[in-house]
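Novice: The following comprises the amino acid sequence and a computationally predicted model.
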Amino acid sequence: MLTLPRVEDFSDRLRGPAVTARVGTALGICFGICFLTGVWSHFQQTTPGWLAIPPSPYWLYRVTQGIHVITGTVAVPLLLVKLWSVYPQFFKRFPLRPSRTMLVNGLDRFYLLVLVTAAIFQLVTGLLNVVHWYPWSFSFRSTHYAVAWIAIGALVLHIAVKLPLIRSALTGPLDDDEPPANADADPEASGISRRTLLRTTWVAAALAFVATAGQTVPWLRSVSVFAVRSGDGPLGVPINRTAAEAGVPPDAGGDAWQLEIGYDGRTTRMSRADLEAMDQVDEELPIACVEGWSASGVWTGVPVAAITAAAGAPPGARVFVTSMQTRGAFATSELPPQFVDDRRTLLALRLNGADLTLDHGYPCRIIAPNRPGVLQTKWVTKLEVSA
Amino acid sequence: MRATRVMRATRVALGVVGVLAGLYGLWLARDVLAAQVRGRRASRQPLSDTGIRREAVATPQPPPVADLVPQAVPHAQPPQPVAARDATAPGMRTVRVALGAVGVLAGLYGLWLVRDFDLTQLRSAVVWLVGGAVIHDGLLAPATVGLGLLATRWLPVAARRPAVVGFVLWGTLTVAAASVLSGMNDTPDNETLVDRSYWLSWSIGTVLVLAAVVAATLVARRRGVSRASNTRSD
């Protein structure tokens, strides 16, 4: 007859607070960094009114979002080892007759369930977002954000509950006084010490880092064999969303295309030739996407400030950008004054010395320092300036 | 329309207050229970600072607070007396209560964020939330335990240590790369997205790990791992 195992059935002496607390500390640090960089990314995309995100340093979002995805990926082996180390507790029985013990045990089980489900959910949905695979019916961004708060809340509660145990485990010895497992005498022994297990876990975490971090760390590209985006692409830069995906017709930037600039009730129109006739600026700036990948390119175009000035707007204006794209959540974006006034914020016409391809946003696109890729609007058709 | 919104806000607010009040009550109950347990234990077995460790090892006594909640302590681990003292120290208690409150509030804020989800979104989110835990606890974890049992039964002693290390590394590669290995994405026409030979890399990685395990096993056997493990503590 098949029965559920009990805690006592797991005899492995590798498991225990000494290992759990150490792996848990590393995992907690990863989750903490991942949470903070994730909230930062959320603010970058939907900036609350009280926050003015500066355009400098230009590499900030590239770094924070790269770290977000790296810590999430590194957390995968840490979470697996952590859950392995406490798996017997899954089978722990507690009295089901109504009592305070049952209530406290029940609540304890409940928050642990919340913690484990939320943690696994965050890593799984995050990893699938990296490959643009969304086999579910919820919005990735808002759900990943909401569950992040639930996960970090349950994690902080977990630390509060376990704090005395964590402290004693971390200050105590890793391997206890028992003689090392004698595999000959005890056929059940795994033959490795807790120290070996921990070291293996750290190596596994390092492996997860090296195997994927190349999507954002250029010098790791050749060794990150499981990273998305080798870094190649048209004009030397990968594409996040193609014109076909975004619902932009192939002839979008044809001769009929004109950029509309609206300011103070007047509309100014500029052809691509008009834009090319203006003073061109070269800027080396990264495309840095929420999926964690990033790539630098040299962009050539007209500073947005020069265009708003040509339309008669004073400095300190705000620009609302509209794209020709018909699909996807980011057909528009807004450039706050500090981005418009920054001369590195371009309406780019060229990338790495050649005209933009359609997938890169031809006829023109926004490229600004320290901005998430989804706000670097492509296939721009209209700029509405408000002073 | 507006009335229902007010109604909903009121219900949510009342719910939040209720949950917070309930949790606060539980925190209080914890202390009462802890005091009771401490009293019971003190009457049975006088504690002295010097004697704690030996007594605790000889007759495992759960620490006062820790026995109210399942701890990540396998039965083999004697409870740590340090934990018992820490748990009731005033500074530690303040930190724990503050952390717990912050955690609960953050979690409730996360719940608040899903208030606008429609039923389809909520259902899908719950399926994925529960599904991940079910696949781990019901499939991956038992499979790992099963492999461990098979390994202790079938693998030669010298191979066990390399096999465990190799399995952890191989498992990391496989799980962390599962998303790119799946070959799935919603934008197949984007050739710059998943643009490496992932299965080739995975196969090479698997072969390398296997080769390393075999090599380490042979080295361990030549050195005589059983003697080594007998004399390691010397």
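Specialist: Alright, I've got the coordinates.
Novice: give me every residue that touches residue 117.
Specialist: Going with chain A. B:129-130, B:132-133 (CB atoms under 8 Å, 6 or more residues apart in numbering or on different chains). C-betas here are computed from N, CA, C, even on glycine.
Novice: Can you look at chain B instead?
Specialist: Contacts of B:Phe117 (CB under 8 Å, 6+ apart): A:138, A:142-143, B:125.
Novice: 7 Å instead, please
Specialist: Counting by CB atoms under 7 Å, 6 or more residues apart in numbering or on different chains, B:Phe117 makes contact with A:Phe138.
Novice: all helices in chain B, in order from the N-terminus.
Specialist: Along chain B, the stretches classed as helices by DSSP state H are B:2-44, B:52-58, B:81-88, B:90-113, B:119-135, B:141-154, B:157-176, B:178-181, B:198-223, B:225-231.
Novice: which other helices and strands contact the shortest one?
Specialist: Counting contacts by 3 or more CB pairs under 7 Å, 6 or more residues apart in numbering or on different chains; DSSP states H and E, the secondary-structure elements packed against helix B:178-181 are helix A:100-130, helix B:198-223.
Novice: weakest of the helices of chain B by average pLDDT?
Specialist: The weakest mean pLDDT among the helices of chain B belongs to helix B:52-58, with a mean of 36.
Novice: Which positions within the host helix or strand of A:Thr200 qualify as buried?
Specialist: Assigned by DSSP states H and E, A:Thr200 belongs to helix A:194-212. For helix A:194-212, burial by neighbour count (16 or more other CB atoms under 10 Å in any protein chain shown) applies to A:194, A:196-198, A:200-201, A:204-205, A:207-212.
Novice: Pipe those residues into TSV and attach pLDDT per row.
Specialist: TSV is the format used below for the buried residues of helix A:194-212 (pLDDT from 0 to 100):
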residue	pLDDT
A:Arg194	90
A:Thr196	91
A:Leu197	93
A:Leu198	95
A:Thr200	96
A:Thr201	97
A:Ala204	97
A:Ala205	98
A:Leu207	97
A:Ala208	97
A:Phe209	97
A:Val210	96
A:Ala211	95
A:Thr212	95
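Novice: near chain B too, which of the residues you listed?
Specialist: When contact is defined as CB under 7 Å from any CB of the partner chain, these meet chain B at A:196, A:200-201, A:204, A:207-208, A:211-212.
Novice: end-to-end on stretch A:295-310?
Specialist: Using CA to CA, to the nearest Å, the end-to-end distance of stretch A:295-310 comes to 31 Å.
Novice: what about that stretch, average pLDDT?
Specialist: 96.
Novice: Just send the ones next to chain B among the buried residues of helix A:194-212 back as CSV, with distance to A:Leu107 too.
Specialist: CSV is the format used below for these (distance: CB to CB, whole Å):
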residue, distance to A:Leu107
A:Thr196, 36
A:Thr200, 35
A:Thr201, 30
A:Ala204, 33
A:Leu207, 37
A:Ala208, 33
A:Ala211, 39
A:Thr212, 37
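Novice: And those, which is closest to B:Leu119?
Specialist: A:Thr212 (35.5 Å; CB to CB).
Novice: can you pull the contacts of the closest one?
Specialist: A:73, A:224, A:226-227, B:176.
Novice: Go through those and name the one nearest B:Val164.
Specialist: B:Ala176 (18.5 Å).
Novice: is stretch A:38-45 up against chain B anywhere?
Specialist: No: judged by CB under 7 Å from any CB, stretch A:38-45 stays clear of chain B, getting no closer than 10.4 Å.
Novice: Show which residues not belonging to that stretch make contact with it.
Specialist: A:51, A:53, A:61, A:64-65, A:68, A:145, A:148, A:290, A:372, A:374-375.
Novice: Stretch A:329-341 now?
Specialist: So stretch A:329-341 is contacted by A:52, A:54-55, A:304-305, A:308, A:315-323, A:325, A:345, A:366, A:368, A:374-375, A:377 (CB under 7 Å, 6+ apart).
Novice: now, which of those lie within helices?
Specialist: Those of the contacts of stretch A:329-341 lying in helices (DSSP H): A:304-305, A:308.
Novice: what would these look like in a markdown table with distance to B:Ala220?
Specialist: Formatted as a markdown table, the ones in helices among the contacts of stretch A:329-341 follow (distance: CB to CB, whole Å):
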| residue | distance to B:Ala220 |
| --- | --- |
| A:Val304 | 65 |
| A:Ala305 | 68 |
| A:Thr308 | 71 |
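Novice: which one of those residues has the most neighbours?
Specialist: A:Val304 (27 neighbours; other CB atoms under 10 Å in any protein chain shown).
Novice: tell me the phi and psi of the closest residue in space to it that isn't next to it in sequence?
Specialist: Nearest non-adjacent residue to A:Val304, counting by CB to CB, 6 or more residues apart in numbering or on different chains: A:Thr345, 4.9 Å away. When quoted as degrees, to the nearest 10, the phi and psi of A:Thr345 stand at phi -80, psi 110.
Novice: Likewise for A:Thr300?
Specialist: phi -120, psi 130.
Novice: close enough to count as contact, it and A:Gln280?
Specialist: Yes: under the criterion of CB atoms under 7 Å, A:Thr300 makes contact with A:Gln280 at 5.5 Å.
Novice: who's in contact with A:Ala252?
Specialist: Applying CB under 7 Å, 6+ apart, the residues near A:Ala252 are A:324, A:379.
Novice: returning to that earlier point: the contacts of stretch A:329-341 in strands, which ones?
Specialist: A:318-323, A:366 (DSSP state E).
Novice: pLDDT, distance to A:Ala21 and neighbour count for those - can I get that in JSON lines?
Specialist: Shown next, in JSON lines, are the ones in strands among the contacts of stretch A:329-341 (pLDDT from 0 to 100; distance: CB to CB, whole Å; neighbours: other CB atoms under 10 Å in any protein chain shown):
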{"residue": "A:Arg318", "pLDDT": "95", "distance to A:Ala21": "50", "neighbour count": "17"}
{"residue": "A:Val319", "pLDDT": "97", "distance to A:Ala21": "51", "neighbour count": "26"}
{"residue": "A:Phe320", "pLDDT": "97", "distance to A:Ala21": "51", "neighbour count": "14"}
{"residue": "A:Val321", "pLDDT": "97", "distance to A:Ala21": "50", "neighbour count": "22"}
{"residue": "A:Thr322", "pLDDT": "96", "distance to A:Ala21": "53", "neighbour count": "17"}
{"residue": "A:Ser323", "pLDDT": "96", "distance to A:Ala21": "50", "neighbour count": "22"}
{"residue": "A:Ile366", "pLDDT": "97", "distance to A:Ala21": "48", "neighbour count": "25"}
